[in-house]
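Trainee: Can you look at this prediction? I've put the sequence above it.
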Amino acid sequence: MSRKSERLVNLTIALLATRRYLTKNEIFRSIEGYEGSDESKERMFERDKDDLRSLGIEIEVGGFDPIFNDEAGYRIKPESYALDLGELSSSDIALLSVAARAWNGQAFNSVAHSALVKLQSIGINSDIDSIPMLAPRMVVANDELVNVVQAISTKSPITFTYRSQDLQNQKRSIYPYALASREGHWYFAGLDLGKEAIRTFRLDRVEGEISVGKKSAEFEIPEGFDLFSQGEDAIGSTIATLDVRKDKALALRKRALSICEKGEWDQITLHYVDETSFLDSLLWHLDDVVVIGPTHLRDAIVNILSTIAVNHASR
Amino acid sequence: MPHAKPAPIIHTERLLALVPYISAHQGITVKNLAQVFNVTTTQIIADLTTLWMCGLPGYTALELMDLSFESGFVSIRNAPTLKSPRTLSKEEIISLLLGLDLVRESSPNNSEILNSVAKLSQRLSQKAGVGARFRATNPVASTIRSDIESSLLKQENLKITYHSLYNDSVSEREITPLELRIDNGVEYLFAYCLDASAFRVFRLDRIQKLTIKADRLKAVKSQPVLMDQGFTSQICIYSRARLMKERFGLENAPLNQRIAIQAFSRQWIIRSIFASSASAVLLEPSDLAREIAQKAQLILDRYQAHSPA
């Protein structure tokens, strides 16, 4: 293993240091580790190129000389190899380090760590005292997040098993467009190839693995695609008026547009999008909340309450 | 992880990363270097030995990298070609972008930080060509977490204002923090509550306010937080199986069948049944079912009384 990696390091150094393209013959002659018949050297070199490319190292092919026999040459451009984020201050490095450390123990832990090591190798000291004490934390319930990110960045399709509303396991294939978290859950959205429409999925409702298609650049991501203005969210919202008991229903008060005191109760107004889930959250607050309007919301909650009363009456 | 890389590739990646890291940290100990790269010291010494054989074609003392590490301190000379760290991969950039989202979220009023974060995010997303396709948020205020972390470090007590969801009430308590834990995507603080004289678990996103008490009253030994025994209930699910599975924390949620659930609080069961909007019904215990029926009737009566005619 170390002979192979030694050869790869030497190849990288030689291709980086050269100012002109190196031909295969020059490489075989001068770089240590290429041995055996011409054919086996050739095979070794092809694999080595693939391996370096899999590490994200760009190897340029060029330098065809029209006078001599046109043999291809290879080099690595230092500007494509080396990290360059423009001018960075010590507090920039500190901020990026805090950003990387947010992944501690979570999905992208090792990826963020290797980014951190690179940042610490630039030679600029991180000035952690220049920024306030921060402890941002990334929290991901499903490590398959890594695969979604990879698929979006390479524009590859993904396939996975999804728990539908009625708990059926469905096979879904999508072109993933975006990934975002909200209120403690991660969502991803994209073009559902079966439904031929944009769909949003919650990451923790995926069963098992998310597999990423081999082909890349299979689709284009629509300009300005916004995950949270899709589907239900796109259909505008309604304003509800509620009476809530003093010091109660904090979760609803947080969302209030207006609060008007009236003795033992306060009257609040707030937006809601999906009536069904809004009713669920109103009912959680039991007798601390009374719906004043709109009428259809009031009728709906009265209906559900009657059903609950009947369902539990004869037990 | 997607498509795990073969061992020689991972090894090469580490070798290429070691050179610039040592260049920027001349004299680092072998032990620290091993920690940074998450490998054993034996492995690091093997890596350094391999690197020692690497250099420019010719491979004489003039072209080889010059490493010294026998003393336990590592330094490198004659490695100009690999001195700069490698460019960030797409995934590394995305991990940083998402992390920066949280930094931005945790300092909403600091314009200096916001400007720097905006500048860095823009440079990074340009590099990766990914635009704004990724966004991270965390419901927990970062200042609350950093205060807890520092109080854990300094072993100080905390005064917290906590919103209990089951009781829908806010209370102030003094606690001795013991451990931060992440479970199933939710952050928790395990602590000893001085007001309740018992171990308690708090969700970080429900802590509304927090102050550090410099005077520590007494040391509390860390020990597992024991839950109350709880009681068994029987429910039946009629619709919205996925939602009910998540709400009641079930392994599976077959429709129209008796399902036993373990509960620790009557309040929680009552609220959960109401918030299921008749998708689930409580069968047992019967006194709890009766309480639910009475409560529903009570609310209905109020609606009748306040009928907007």
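Mentor: Thanks, I have it.
Trainee: Taking the centroid of the chain, which residue is nearest it?
Mentor: In the absence of a named chain, chain A is used. For chain A, the residue sitting closest to the mean C-alpha position, by C-alpha atoms, centre = their mean, is A:Val149 at 4.2 Å.
Trainee: hm, I was asking about chain B
Mentor: Among the residues of chain B, B:Ile182 comes closest to the average C-alpha position under C-alpha atoms, centre = their mean, at 5.3 Å.
Trainee: Correct me if wrong: that one contacts A:Ala107.
Mentor: No - look at B:Ile182 against A:Ala107 with C-beta atoms under 8 Å: they stay out of range, at 11.5 Å. No exception for glycine: its C-beta is placed from N, CA and C like everyone else's.
Trainee: The residue nearest to the centre of chain A: what secondary structure?
Mentor: helix (DSSP: H, G, I helix; E, B strand; the rest coil).
Trainee: Excluding sequence neighbours, find me the nearest residue to it.
Mentor: Excluding the flanking residues, the one nearest A:Val149 by C-beta to C-beta, 6 or more residues apart in numbering or on different chains is B:Ile94, at 5.4 Å.
Trainee: Find the helix or strand that the one you found is a member of.
Mentor: When elements are assigned from DSSP states H and E, B:Ile94 belongs to helix B:90-106.
Trainee: pLDDT of the helix or strand that that helix is followed by, averaged?
Mentor: Once the chain leaves helix B:90-106, the next helix or strand it forms, by DSSP H and E, is helix B:111-128. For helix B:111-128, the mean per-residue pLDDT is 91.
Trainee: helices and strands around the very next helix or strand once past helix B:111-128, which ones?
Mentor: Once helix B:111-128 ends, the next helix or strand along the chain (criterion: DSSP H and E) is strand B:134-135. On a contact count with 3 or more C-beta pairs under 8 Å, 6 or more residues apart in numbering or on different chains; DSSP states H and E, strand B:134-135 meets strand A:169-182, helix B:90-106.
Trainee: deepest of those, which one?
Mentor: helix B:90-106 (a mean of 25; mean count of other C-beta atoms under 10 Å in any protein chain shown).
Trainee: Just list what that helix packs against, helices and strands only.
Mentor: Here helix B:90-106 touches helix A:90-101, helix A:109-119, helix A:145-154, helix B:111-128, strand B:134-135, helix B:142-154, going by 3+ C-beta pairs under 8 Å, 6+ apart.
Trainee: now the last one, how far from the chain's geometric center?
Mentor: In terms of C-alpha atoms, centre = their mean, to the nearest Å, the gap separating the centre of helix B:142-154 from the centre of its chain is 14 Å.
Trainee: can that helix be found next to chain A?
Mentor: Yes - using C-beta under 8 Å from any C-beta of the partner chain, helix B:142-154 reaches chain A at B:Ser142, B:Arg145, B:Ser146, B:Glu149, B:Ser150.
Trainee: and the third one, what does it touch?
Mentor: Under the criterion of C-beta atoms under 8 Å, 6 or more residues apart in numbering or on different chains, the neighbours of B:Ser146 are A:Met133, A:Leu134, A:Ala135.
Trainee: per-residue pLDDT, it?
Mentor: For B:Ser146, the pLDDT comes out at 87.
Trainee: for the fourth one, same thing?
Mentor: According to the prediction, B:Glu149 has pLDDT 89.
Trainee: Disregarding residues adjacent in the polypeptide, which is nearest to it?
Mentor: Nearest one to B:Glu149, counting by C-beta to C-beta, 6+ apart, is A:Ala135 at 5.4 Å.
Trainee: List the backbone torsions phi and psi for that neighbour.
Mentor: When quoted as degrees, to the nearest 10, the phi and psi of A:Ala135 stand at phi -140, psi 60.
Trainee: Sheet-wise, list the partners of the longest strand seen in chain B with their directions.
Mentor: Longest among the strand segments of chain B by residue count, using DSSP state E, is strand B:169-183. Using DSSP bridges, the strands paired with strand B:169-183 are strand B:157-164 (antiparallel), strand B:186-193 (antiparallel).
Trainee: Contacts for the first one, please.
Mentor: Looking back up the chat, that one is strand B:157-164. The contact list for strand B:157-164, computed with C-beta under 8 Å, 6+ apart, reads A:250, B:147-148, B:151, B:169-177, B:191, B:194, B:202, B:206-213, B:215-217.
Trainee: hmm, which of those residues are the buried ones?
Mentor: Neighbour-count burial (16 or more other C-beta atoms under 10 Å in any protein chain shown) applied to the contacts of strand B:157-164 gives A:250, B:147-148, B:151, B:173-177, B:191, B:194, B:202, B:206-207, B:210.
Trainee: any weak-confidence spans in the stretch 151-300 of chain A?
Mentor: Where the stretch 151-300 of chain A drops to pLDDT under 70, the residues are A:230-235.
Trainee: Go again with 90.
Mentor: A:153-154, A:165-168, A:182-184, A:214-238, A:247, A:250-251, A:254-255, A:262-263, A:273-274, A:293 (pLDDT under 90).
Trainee: As a check, name the ranges of all strands in it.
Mentor: Assigned by DSSP state E, counting those that start in this stretch, the strands in the stretch 151-300 of chain A fall at A:158-163, A:169-182, A:185-192, A:197-202, A:206-212, A:238-245, A:258-262, A:265-272, A:289-293.
Trainee: wait, which of those strands is closest to chain B?
Mentor: strand A:169-182 (3.9 Å; C-beta to the nearest C-beta).
Trainee: Output the closest one as CSV, nothing but the C-alphas.
Mentor: Extracted in CSV, the C-alpha atoms of strand A:169-182 (Å, rounded to 0.1, in the frame of the first residue of the first chain):
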residue,chain,number,x,y,z
ASN,A,169,-42.9,1.8,1.8
GLN,A,170,-42.6,3.4,-1.7
LYS,A,171,-39.7,3.3,-4.0
ARG,A,172,-39.0,6.8,-5.2
SER,A,173,-36.6,8.2,-7.8
ILE,A,174,-35.9,11.9,-8.0
TYR,A,175,-33.6,14.5,-9.4
PRO,A,176,-32.6,16.2,-6.2
TYR,A,177,-32.5,20.0,-6.3
ALA,A,178,-32.1,21.3,-2.7
LEU,A,179,-31.6,20.3,0.9
ALA,A,180,-32.5,22.4,3.9
SER,A,181,-33.5,22.1,7.6
ARG,A,182,-36.3,23.7,9.4
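Trainee: that older thread, of the strands paired with strand B:169-183, give the one that comes closest to A:Ile239.
Mentor: Taking C-beta to C-beta, strand B:157-164 is the member of these nearest to A:Ile239, at 24.9 Å.
Trainee: ok, A:Val140 - contacts?
Mentor: Contacts of A:Val140 were listed using C-beta under 8 Å, 6+ apart, and they are A:Gln106, A:Ala107, A:Trp186, A:Leu203, B:Gly185.
Trainee: Just flag the most distant two among the residues you listed.
Mentor: Largest pairwise distance in the contacts of A:Val140, by C-beta to C-beta, is 12.6 Å, between A:Gln106 and A:Leu203.
Trainee: returning to that earlier point: quick check: pLDDT value at the residue nearest to the centre of chain A.
Mentor: 91.
Trainee: and B:Val36, backbone torsions?
Mentor: According to degrees, to the nearest 10, B:Val36 has phi -60, psi -40.
Trainee: Now do the contacts for it.
Mentor: Shown in contact with B:Val36 (C-beta under 8 Å, 6+ apart): A:Val117, A:Gln120, B:Tyr21.
Trainee: at 7 Å instead, please
Mentor: Taking C-beta atoms under 7 Å, 6 or more residues apart in numbering or on different chains as the contact definition, B:Val36 lies against A:Val117, B:Tyr21.
Trainee: what separates it from A:Arg7, distance-wise?
Mentor: 25 Å (C-beta to C-beta, to the nearest Å).
Trainee: Where does the closest residue to B:Cys54 other than its chain neighbours sit: helix, strand or coil?
Mentor: Nearest non-adjacent residue to B:Cys54, counting by C-beta to C-beta, 6+ apart: A:Val9, 4.6 Å away. Classification of A:Val9 by three-state DSSP places it in helix.
Trainee: hang on, isn't A:Val9 packed against B:Leu15?
Mentor: Yes - if you go by C-beta atoms under 7 Å, A:Val9 and B:Leu15 touch, sitting 5.2 Å apart.
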